[in-house]
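Colleague: Model the structure of this input:
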Amino acid sequence: MTLASGLYTGLVSHARTRPRKHSLAYRIFMLLVDLDELDTLADLKRLGIGRFNLVGFDPARHGDGSGRPLKIQVEAALEQAGIPYGGPVRVLAMPQILGRAFNPLTVYFCHRPDGTLSAILYEVNNTFGERHSYLIPAPDVGIVRQACDKAFYVSPFMDMDLTYAFRIVRPDEMVLVAVDSHDADGLVLAASFTGQRQPLTDKALLKAWLTHPWMTVGVFAAIHVEALKIWLKGENIRHRPPAPANRVTVAPRAKLAA
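Modeller: Reported below is the predicted structural model:
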């Protein structure tokens, strides 16, 4: 059986352009999980689906945290937004490592029954324990370009009055997720993950775990180290407003990037 789910190893990078330049780059790996394949993936010895293991994916740590099946949650958001659904929902996420995980950005690729792409949902977590998602209709093309206004506080060193521009190459032999943050004067931050696909097997999971030691330290810790570096450069901390009342922000079609 050929799985739609897979493993992507690659590089995550952030480049802040102003008011103070700062950049980082780390090698990481991410899982692509087809939510219709969870029972099959649970047979892997080194991948825990909702349980402790060397590497894991826990649906309960995504969505609204209610414990409802994650695909049902996503389809409910699509239905409420009037976006076609009924096909696969594939989740690109950083895995749990020995039961621990922090996902700054999880990307859901949502499809129609005929398998064509209908929308992308971007699920964002901040280090204050809050979560918010942006749901944007998507054309079924090679490179997906989208945009929406920022509605959710993420970094204490980034303003709220920003626009996100997304550039996505859907998971195949490679995947690209690029997010540029713009203010009225132009680009402020460029962030991206580029990865190459590997089959999701026990051997590949063990190799990924052994060859990405930074992930065993923890993304959460690394984020705070980078935040300290920015603060030492003299960057001011921005006030944190309340999280949006609605769990999902649906971007109007007029905001789709050209």
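Colleague: Next, work out how far apart residue 60 and residue 121 are.
Modeller: 17 Å (Cβ to Cβ, to the nearest Å). Every residue, glycine included, has its C-beta placed from N, CA and C.
Colleague: neighbour-wise, which of these two wins?
Modeller: Each of residue 60 and residue 121 has its neighbours counted (other Cβ atoms under 10 Å); residue 121 has more, 25 against 11.
Colleague: tell me which element the more buried one falls in.
Modeller: Per DSSP states H and E, residue 121 falls inside strand 117-125.
Colleague: mind listing what residue 17 touches?
Modeller: Contacts for residue 17 (Cβ atoms under 8 Å, 6 or more residues apart in numbering) come out as 186-190.
Colleague: Just list the residues touching the residue lying closest to residue 96 once chain neighbours are set aside, thanks.
Modeller: Once flanking residues are discounted, residue 96 sits nearest to residue 56: 3.6 Å by Cβ to Cβ, 6 or more residues apart in numbering. By Cβ under 8 Å, 6+ apart, the residues touching residue 56 are 47-50, 95-97, 99, 101.
Colleague: try 6 Å
Modeller: Residues near residue 56 by Cβ atoms under 6 Å, 6 or more residues apart in numbering: 48, 95-96.
Colleague: Tell me the secondary structure at it.
Modeller: Assigned with DSSP: H, G, I helix; E, B strand; the rest coil, residue 56 falls in the strand class.
Colleague: which phi and psi does residue 29 have?
Modeller: Backbone torsions for residue 29, taken as degrees, to the nearest 10, come to phi -130, psi 150.
Colleague: Give me the neighbour count for it.
Modeller: Counted by other Cβ under 10 Å, the residues lying close to residue 29 total 23.
Colleague: is it true that it touches residue 6?
Modeller: No - Residue 29 is not in contact with residue 6 according to Cβ atoms under 6 Å; the separation is 10.5 Å.
Colleague: Quick check: residue 156 vs residue 252, distance?
Modeller: For residue 156, the distance to residue 252 - Cβ to Cβ - is 28 Å.
Colleague: So if I had to pick from those two, which one is more boxed in?
Modeller: The neighbour comparison of residue 156 against residue 252 (other Cβ under 10 Å) goes to residue 156, with 17 against 10.
Colleague: Now residue 139: closest residue in space, sequence neighbours ignored.
Modeller: residue 117 (7.4 Å).
Colleague: State the pLDDT value of the spatially closest residue to residue 116 that is not a sequence neighbour.
Modeller: Of all residues not flanking residue 116 in the chain, residue 140 sits nearest, at 4.2 Å (Cβ to Cβ, 6+ apart). Among the per-residue scores, residue 140 shows a pLDDT of 92.
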